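> Prediction below, plus the sequence it came from.
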Amino acid sequence: MAASPSPSPDDHVAIGSVLDGRYRIDAVLGTGGMGRVYRGEHTGIGRAVAIKVLHADLTRNREAAARFQREALASGRLDHPNIVGVSDFGVLDDGACYLVMEALEGESLGARLTRDKRLPWRDALEIMRGVLQGLRHAHERGVVHRDIKPDNIYLARKDHELVVKILDFGIAKLYAGTADDPASTRAGLTVGTPAYLSPEQAVGGEITPASDIYSCSILLYEMIAGRAPFEDKDPLAMLGAHVSRPPPPLAEVAPDVEVPPGLEDMLQRGLAKPSGERIASAADYLAWIDAILTGALGSAPVAMPAMSPPARLATPVPGSLRTPMPGAIATAAPSRALTPVPKGRGDRVSGSAPTATLDSVDTSMPLSTRAVSLAEAEPVPKRWLFVGAIVLAVLVVLAIVLALATRDDGEPAKPTKTKPTEPATPALKPPLPLPPAPSNAATVDRETRLKAALHDLVHGKTCADRRAAIPRIVELDDPSVVPELKRARYRMRGGILGIGDENTNACLVKDLDAALKKLTPAAPAPGK
């Protein structure tokens, strides 16, 4: 007599039962906040699968069901070796949702870090390469993960080789989708895990692939240092740290850890607060990591690989003269060959990385093309120098006149009257006292929102983006921002040396005047 199926912790799924007529349930693999994951088998083709079933008490929760559907919809767009494969989605007779995924063997990165605390920097970079390769595929298809953290990275083993898998697209955002897309979220809603949130997620701002870049940098920092850059216990304090507190250098948090040249600079760029100042994309991040992995054994500069668009000479990252940035985010410059070292004099300088030899230099072009001395170049005609000097003098005069006629904020300078007895140089004002530290979580949240709104007002890409920040500033009712609002009335762009400038904030003048009227304290009535 065949044994009857044994009950599982979910009352609508039993071990040994066949789910939806196709998937036999064999065992429970794990339980999370949204559902339970089972090991199973597709009865038709005999393939091992993992099946995530929404908790029974959440089947009637519209928000939970929508998030579960979001994971299925986002995963359905993706097909990449570094993203867990999703093959099926369905709804059972009792309304419970289920998701069928590929079966994996291994452990999560969270379990690995719990056991080992931190990883060698090479292992950490290799794991991050897998994560970024999967994210590059997702970003190209309009999907932002929004919850990159150790528990959502799985270190699978296939044919005795490590394969990094990204899990759980349950709160993914289809940023290239439509307004009624079920993966969309309400404006101002903060989702994700506080320790790994980007600054724009912390304040409910616009979510783009740059948010995943920030979370990846937090993850890489934790793998190398053994802890995240911010460890605040209070969630609001953690959000405030992401928005306004600079991450501590690795040398300060883990002084005993040696890292190669360029890695610290890469992390700081990945953790930049404004999204526009971060590493531009997952592809650029991968190029930077590859440069470190292939050229960080010595102290010599790392020669960057050629990238598309056309090859450009990489410019060193600010603060580091050792490791250049990837070509995709470097300043364009003419390409040049490495300086050869004659054979027989030693291929390596003591304590440095291997230096290029004559064998590694491109000799296909003539020597006169590859190396031209300035002393051999034809002299510049004297008449050109004379004309250039006149043009330069005119430009300098114009610049001085415009600087005197226009203030920094673009408003015409107003004449002022000074008394003859007053000194020519005004006395220096004492430095303003530093603002007091926030006294509670509510104050931190308010200051965080104010900083984010001011940032959007000043750096918003479009007029609509900048205008949207004004109501948020007015809502916070802080008169100290009045000078910033006055400066924002003028945003001069275009022209040459100030000639032909256009105020691109002219579209905001009415909104700014209304905001100034609300935030500027009313003048007291004159005394009788």
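Noted; the coordinates are in hand.
> where in this structure is pLDDT low?
Counting by pLDDT under 70, the chain contains low-confidence residues at 1-12, 33, 57-60, 170-192, 296-384, 403-444, 494-500, 522-528.
> quick check: longest helix of it.
Across the chain, the helix with the greatest residue count (assigned by DSSP state H) is helix 382-405.
> Show me what secondary structure element comes after that one.
Beyond helix 382-405 on the C-terminal side, the first helix or strand identified by DSSP states H and E is helix 441-459.
> Next, the buried residues of that following helix.
Neighbour-count burial for helix 441-459 flags 444-457 (criterion: 16 or more other CB atoms under 10 Å). In this view, the C-beta of every residue, glycine as well, is placed from N, C-alpha and C.
> Of those, which is the nearest to residue 44?
When these are compared for distance to residue 44 (CB to CB), residue 452 comes out closest, at 52.0 Å.
> Need phi/psi at the residue nearest to the closest one when sequence neighbours are not counted.
Distances taken as CB to CB, 6 or more residues apart in numbering put residue 203 closest to residue 452, at 3.9 Å, once the chain neighbours are dropped. Dihedral angles phi and psi of residue 203 (degrees, to the nearest 10) take the values phi -110, psi 10.
> just residue 100 next, same as before
According to degrees, to the nearest 10, residue 100 has phi -110, psi 130.
> Could you check how many residues crowd around it?
The number of residues packed near residue 100 is 23, by other CB atoms under 10 Å.
> check contacts around it.
Counting by CB atoms under 8 Å, 6 or more residues apart in numbering, residue 100 touches 23, 42, 49, 50, 51, 86, 87, 88, 89.
> run the last query once more with 6 Å
With contact set as CB atoms under 6 Å, 6 or more residues apart in numbering, residue 100 has these partners: 49, 51, 87, 88.
> same check, this time on residue 493
Residue 493 sits in contact with 502, 504, where contact means CB under 6 Å, 6+ apart.
> For it, give the beta-bridge partners.
residue 502 (DSSP bridges).
> What's the separation between it and residue 501?
Distance of residue 493 to residue 501, computed by CB to CB, to the nearest Å: 7 Å.
> cool, residue 113 as well?
53 Å.
> swap in residue 401?
Computed as CB to CB, the residue 401 to residue 501 distance reads 14 Å.
> Which one's more surrounded, these two?
Between residue 401 and residue 501, counted using other CB under 10 Å, residue 501 has the larger neighbour count: 17 against 12.
> from memory that one sits against residue 490, does it?
No: Residue 501 is beyond contact range of residue 490, at 9.5 Å (criterion: CB atoms under 6 Å).
> quick revisit: return the distance of the residue nearest to residue 452 relative to residue 154.
Between residue 203 and residue 154 the distance, using CB to CB, works out to 30 Å.
> Those two: which is more packed in?
When residue 203 and residue 154 are compared for neighbours, residue 203 comes out ahead with 24 against 21, by other CB under 10 Å.
> Residue 472 touches residue 452, doesn't it?
No: if you go by CB under 6 Å, residue 472 and residue 452 don't touch, sitting 8.1 Å apart.
> Which residue is the nearest non-sequential neighbour of residue 270?
Leaving out its chain neighbours, the residue that sits closest to residue 270 by CB to CB, 6+ apart is residue 217, at 3.0 Å.
> Check which helix or strand that neighbour maps to.
With DSSP H and E as the criterion, the answer for residue 217 is helix 209-225.
> and that helix, what other elements does it pack with?
Secondary structure elements in contact with helix 209-225, counted by 3 or more CB pairs under 6 Å, 6 or more residues apart in numbering; DSSP states H and E, are helix 121-140, helix 263-270.
> who's in contact with that helix?
With contact meaning CB under 6 Å, 6+ apart, helix 209-225 is reached by 119, 121, 124, 128, 135, 139, 144-145, 148, 196, 198, 201, 228-229, 250, 253-254, 267, 270-271, 275, 278-279.
> out of the helices and strands packed on helix 209-225, which comes closest to residue 395?
helix 263-270 (34.7 Å).
> would you put the C-alpha positions of the closest one in PDB?
Taking Å, rounded to 0.1, in the frame of the first residue of the first chain, the C-alpha atoms of helix 263-270 are listed here in PDB:
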ATOM      1  CA  LEU A 263      40.200  49.000  -5.600                       C
ATOM      2  CA  GLU A 264      39.600  51.700  -3.000                       C
ATOM      3  CA  ASP A 265      39.000  54.300  -5.700                       C
ATOM      4  CA  MET A 266      36.600  52.000  -7.400                       C
ATOM      5  CA  LEU A 267      34.600  51.500  -4.200                       C
ATOM      6  CA  GLN A 268      34.400  55.200  -3.500                       C
ATOM      7  CA  ARG A 269      33.100  55.900  -7.000                       C
ATOM      8  CA  GLY A 270      30.600  53.100  -6.700                       C
END
